[in-house]
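In: sequence and predicted structure, then a few things I'm wondering about:
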Amino acid sequence: MNLRHQAIQAIASAKHNLNRVDFKKTHLKDLFGSNVFNEEVQHQLLPKPVFKALQKTIKQGAPLDPSIADAVSTAMKDWAMEKGATHFTHMFQPMTGLTAEKHDTFLQPTSSGKAITEFSGKELVRGEPDASSFPSGGIRATFEARGYTAWDPTSPAFILEGPNGATLVIPTCFISWTGEALDKKTPLLRSMEALSKQAMRILSLFGNTEAKKVFTTVGPEQEYFLIDKNFYYARPDLINAGRTLFGCKPPKGQELEDQYFGTIPERVLACMADTEAELFKLGVPVKTRHNEVAPSQYEIAPIFEDSNLATDHQMLTMDLLRRTADKYGLACLLHEKPFAGINGSGKHNNWSMSTDTGENLLNPGDTPHDNAQFLVFCVAVIRAVAKYPELLRVAVSGAHNDHRLGANEAPPAIISVFLGDQLQDVIDQLEKGAAKSTKQGGFMEIGVSVLPKLPRDAGDRNRTSPFAFTGNKFEFRAVGGSQSVSGPNTVLNTIVAESLDFIATNLEAAVKGGKDLNKAIQDLLPGLIKESKKVLFNGDNYTEEWHKEAEKRGLPNLKNTVDSLPVIIRKDSIELFSKYKVYSERELQSRYLILSENYVKTVNIEGQLTSMIGRTQILPAALRYQGEVAAAVNATKAAGVDNSAQAELLKSLTVTISEFQKGIGELDKALGHHHANGTPYDHAKYYRDHVLPAMNHVRALGDKLEGIVADDLWPLPSYREMLFIK
């Protein structure tokens with residue numbers, strides 16, 4: 001019995017404890033935020049002046065008063081220890097795309113041989129993890145170790161429970177000794193401030209004196225796969241690369257469309273409920289769970305939050321999905337394309353802008369044609385996407401996402417904007433001079449007397465658009481399933497800040513010159529729409545006709561990561577991010593190098609795995625089967641029986657095995673590329689142009705062998721097993 005059959009046997013005989021969460025004992029509303037040092041807890045535990053000062057920083061962006069740190073740290077420590085915490089950690093988001101943490105105990109030995117517990121304001125505000133082994137793109141040399149974590153008070157601390165005690169987790173930024181950002185959070189916070197500043201100029205023109213700050217809000221939906229971990233452990237490619245590097249198409253995939261929104265399997269539902277319970281404790285507002293399109297694919301979606309907090313919560317969601325799945329004998333796959341030929345996993349980034357008083361600036365109301373403030377903000381977003389589509393494309397780049405973008409479940413690499421019938425009509429009117437009416441949806445007549453009349457939305461949705469307006473927000477659908485949303489939102493915030501700056505400058509000048517604000521808006525917006533309408537498209541983004549049309553319009557089509565990376569260090573990109581103090585030129589250069597190196601490392605790992613699995617698992621199985629077939633050919637020949645069919649099978653099998661061995665040799669040759677010469681980007685181009693094609697060729701032959709070799713000899717769990725055996 002090979003490892004694959006052992007895995008199936010283990011799954012068939014396994015019994016899992018599915019009753020780990022009892023919502024009868026703890027009400028949802030009591031569970032939510034119970035492990036978070038949130039505003040309510042702060043109000044109870046902090047002295048009133050300290051609480052007010054901290055809330056002013058959190059809600060209005062006021063500078064943090066260093067004098068309050070000791071009071072906050074003491075209250076935070078006492079609260080955490082009551083909940084079983086023994087250690088604290090500064091959680092940060094280095095350029096690995098994951099989170100990082102270093103745990104320190106509250107315990108402090110005394111000279112008497114006893115111990116006390118301490119957590120000072122200094123320890124709260126600043127940590128010093130080793131920065132030398134994190135990606136820095138040249139900002140830090142490997143022999144220079146110093147890096148700093150800085151407390152981010154806008155994202156509340158929380159308790160992460162473990163099997164033996166708990167840890168106080170403090171969200172932080174991560175910067176180098178020289179002051180540059182080494183993480184993904186610092187630029188995000190900078191971009192939020194940049195957008196807030198420009199948005200407040202627009203609101204000031206409209207006479208809004210109540211709002212003090214504008215936040216960008218995000219609700220990132222998360223798609224993921226769950227498969228039995230016995231299969232996972234039998235697939236070296238899933239363990240080391242996150243995706244299957246071999247696997248022929250199963251007889252049944254997703255073509256029957258019976259998975260989407262279907263009944264959730266019992267074990268999966270138990271895992272989902274457990275994950276949600278842990279997320280509720282951490283104040284993560286997850287709202288939705290359901291089966292996704294592909295077999296064994298699922299989705300979890302939260303309610304909108306401030307972008308910074310939503311990013312932290314999204315990283316927690318991915319981490320808890322992985323950890324909780326293990327308790328139920330499952331493996332959670334977040335890779336953008338873990339299985340070829342079926343839908344991959346994205347992360348729909350629902351983005352909007354809101355004031356600190358709760359007003360959604362992208363809410364059109366019932367009559368968007370006469371909602372001047374909404375039209376200004378909406379046109380600003382359209383202009384930003386039209387002017388900087390390549391930056392949005394590079395924000396979702398990566399070797400993993402290259403396998404997904406442009407496939408049938410994901411938007412193409414061409415960035416366009418879908419507005420829907422209602423808003424498109426208003427924008428068309430505005431382009432001609434003035435918007436005077438708004439299409440209304442009315443009601444749907446279902447034709448069943450017992451059912452109520454349902455209000456019809458004024459426009460349909462478009463699942464093929466990479467950037468779609470969906471009622472009161474824009475949905476950026478191109479973000480990959482394993483990616484942090486910080487990068488895409490940093491870019492989105494910055495390009496919209498530039499657009500708002502441009503509009504505010506023009507409107508301020510017009511009003512200062514004596515022009516009525518509404519007249520100034522009517523004069524300005526039509527021209528901006530004319531300049532930007534090339535990016536507007538309400539049709540099917542998957543069609544070849546759209547690709548040809550997009551080319552005529554001059555829209556960029558950066559089909560892969562390597563094509564998109566040079567955009568990062570282009571002159572206009574450097575000028576944009578430097579102007580709004582989001583990235584310095586040095587920080588952009590570092591990202592360019594880091595992403596280039598990451599591409600090379602990712603494809604190299606996959607190439608090495610493809611060669612190893614091919615040589616040590618697939619080839620031996622194929623040769624054993626070749627021996628069996630050869631023996632059958634000889635036996636039938638000796639018996640004087642017609643063996644032409646068996647001989648033809650042997651011939652086909654032998655040719656395929658020979659081609660497979662030759663393909664592995666060519667792949668090994670490509671992987672022997674010397675890294676000493678050339679830049680990281682040069683190496684990235686080489687891996688795209690030489691290693692990836694060689695891998696794909698080996699895979700095609702390996703998958704062909706899977707369809708020929710006897711099932712009892714095939715070593716790798718197949719698609720038909722991993723996706724359908726629950």
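Out: Arrived safely.

In: neighbours around the nearest residue to residue 480 once chain neighbours are set aside, how many?
Out: The shortest distance from residue 480 to any non-neighbouring residue, by C-beta to C-beta, 6 or more residues apart in numbering, is to residue 401 (3.7 Å). Just so you know, the C-beta spots here come from the backbone N, C-alpha and C atoms, and that holds for glycine as well. Using other C-beta atoms under 10 Å, residue 401 is surrounded by 26 other residues.

In: try residue 26
Out: By other C-beta under 10 Å, the residues close to residue 26 number 14.

In: with the one 3 residues further on instead?
Out: With neighbours defined by other C-beta under 10 Å, the count for residue 29 comes to 8.

In: how distant is the helix or strand encompassing it from the center of its chain?
Out: Following DSSP states H and E, one finds residue 29 within helix 28-31. Computed by C-alpha atoms, centre = their mean, to the nearest Å, the chain-centroid distance of helix 28-31 equals 28 Å.

In: so residue 515, which of the three states?
Out: What DSSP: H, G, I helix; E, B strand; the rest coil gives for residue 515 is coil.

In: most remote residue from this protein's center?
Out: Using C-alpha atoms, centre = their mean, the residue of the chain lying farthest from its centre is residue 640. It sits 63.4 Å away.

In: am I right that that residue sits in a helix?
Out: No: counting by three-state DSSP, residue 640 is not part of a helix but coil.

In: check contacts around the residue nearest to residue 303 when sequence neighbours are not counted.
Out: Of all residues not flanking residue 303 in the chain, residue 285 sits nearest, at 4.2 Å (C-beta to C-beta, 6+ apart). By C-beta atoms under 8 Å, 6 or more residues apart in numbering, the residues touching residue 285 are 32, 302-303, 305, 313.

In: rebuild those as CSV, extending it with pLDDT.
Out: Output for the contacts of residue 285, formatted as CSV (pLDDT from 0 to 100):
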residue, pLDDT
32, 94
302, 94
303, 93
305, 94
313, 97
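
In: next, residue 359: phi, psi?
Out: Taking degrees, to the nearest 10, you get phi -90, psi 120 for the backbone angles of residue 359.

In: measure it to residue 201 for me?
Out: Residue 359 is 16 Å from residue 201, where distance means C-beta to C-beta, to the nearest Å.

In: can you check residue 177 too?
Out: 35 Å.

In: and for the residue nearest to residue 103 when sequence neighbours are not counted, the neighbour number?
Out: Nearest non-adjacent residue to residue 103, counting by C-beta to C-beta, 6+ apart: residue 87, 4.3 Å away. Neighbour count of residue 87, defined by other C-beta under 10 Å: 19.

In: for residue 87, give the beta-bridge partners.
Out: In this entry, residue 87 is beta-bridged to residue 105, residue 167, by DSSP bridges.

In: wait, isn't it in contact with residue 164?
Out: No: between residue 87 and residue 164 there is no contact under C-beta atoms under 8 Å: 10.9 Å.

In: please identify the helix or strand for the closest residue in space to residue 515 that isn't next to it in sequence.
Out: Once flanking residues are discounted, residue 515 sits nearest to residue 523: 7.7 Å by C-beta to C-beta, 6+ apart. Secondary structure assignment for residue 523, by DSSP H and E: helix 517-532.

In: also residue 694?
Out: Going by DSSP H and E, residue 694 is part of helix 692-706.

In: what pLDDT does residue 597 get?
Out: With respect to pLDDT, residue 597 scores 95.

In: now do the buried residues in the helix or strand containing residue 573.
Out: Taking DSSP H and E as the definition, one finds residue 573 inside helix 571-579. Judged by neighbour count using 16 or more other C-beta atoms under 10 Å, the buried positions of helix 571-579 are 573-574, 576-577.

In: centre of the chain to that helix, how far?
Out: 25 Å.

In: kindly report the same for stretch 528-541.
Out: Relative to its chain's centre, stretch 528-541 lies at 26 Å (C-alpha atoms, centre = their mean).

In: contacts only, for the residue nearest in space to the middle of the chain.
Out: Among the residues of the chain, the one closest to the centroid is residue 483, at 3.4 Å (C-alpha atoms, centre = their mean). Contact analysis of residue 483 by C-beta under 8 Å, 6+ apart lists 97, 347, 396, 398, 400-401.

In: again, but for residue 41
Out: Residue 41 makes contacts with residue 79, as judged by C-beta under 8 Å, 6+ apart.

In: ok, back up a step: can you tell me how far the residue nearest to residue 303 sits from residue 306?
Out: Distance, residue 285 to residue 306, using C-beta to C-beta: 11 Å.

In: would you map the strands across the stretch 351-500 of the chain?
Out: With DSSP state E, counting those that start in this stretch, the ranges of strands along the stretch 351-500 of the chain come out as 417-418, 443-444, 454-455, 467-469, 474-476.

In: the stretch 51-200 of the chain too?
Out: 85-91, 103-105, 107-109, 115-117, 126-127, 147-151, 158-161, 166-176.

In: quick revisit: of the contacts of residue 483, closest to residue 6?
Out: Set against residue 6, the nearest of those by C-beta to C-beta is residue 400 (29.6 Å).

In: mind checking pLDDT for the closest one?
Out: The confidence metric pLDDT takes the value 94 at residue 400.

In: ramachandran angles for the closest residue to it other than its chain neighbours?
Out: What sits nearest to residue 400 in space, not counting adjacent residues and going by C-beta to C-beta, 6+ apart, is residue 336, at 4.5 Å. The phi/psi pair for residue 336 (degrees, to the nearest 10) reads phi -60, psi -30.

In: what of the one 4 residues further on?
Out: Main-chain torsions, residue 340, degrees, to the nearest 10: phi -70, psi 150.

In: same question, the one 4 residues further on
Out: The main-chain torsion angles of residue 344 are listed as degrees, to the nearest 10 and equal phi -90, psi -170.

In: try the one 5 residues further on
Out: Note on residue 349: backbone dihedrals following degrees, to the nearest 10 are phi -100, psi 90.

In: and it, what does it touch?
Out: Here residue 349 is in contact with 218, 220, 475-477, 479, 485, 488-489, 492 (C-beta under 8 Å, 6+ apart).

In: can you do 7 Å?
Out: Residues near residue 349 by C-beta atoms under 7 Å, 6 or more residues apart in numbering: 218, 220, 475-476, 479, 485, 488-489.

In: with residue 275 instead?
Out: 320-321, 324.

In: among the residues you listed, which ones are in helices?
Out: Using DSSP state H to define helices, the subset of the contacts of residue 275 located there is 320-321, 324.

In: need those residues in JSON lines with pLDDT and neighbour count, can you?
Out: Listed next are the ones in helices among the contacts of residue 275 as JSON lines, based on pLDDT from 0 to 100; neighbours: other C-beta atoms under 10 Å:
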{"residue": "320", "pLDDT": "97", "neighbour count": "21"}
{"residue": "321", "pLDDT": "97", "neighbour count": "23"}
{"residue": "324", "pLDDT": "96", "neighbour count": "22"}
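
In: still on that earlier bit, ok, now how distant is the residue nearest to the centre of the chain from residue 466?
Out: Per C-beta to C-beta, residue 483 is found 14 Å from residue 466.

In: and for residue 14, the neighbour number?
Out: Residue 14: 12 surrounding residues under other C-beta under 10 Å.

In: I appreciate the help and will end here.
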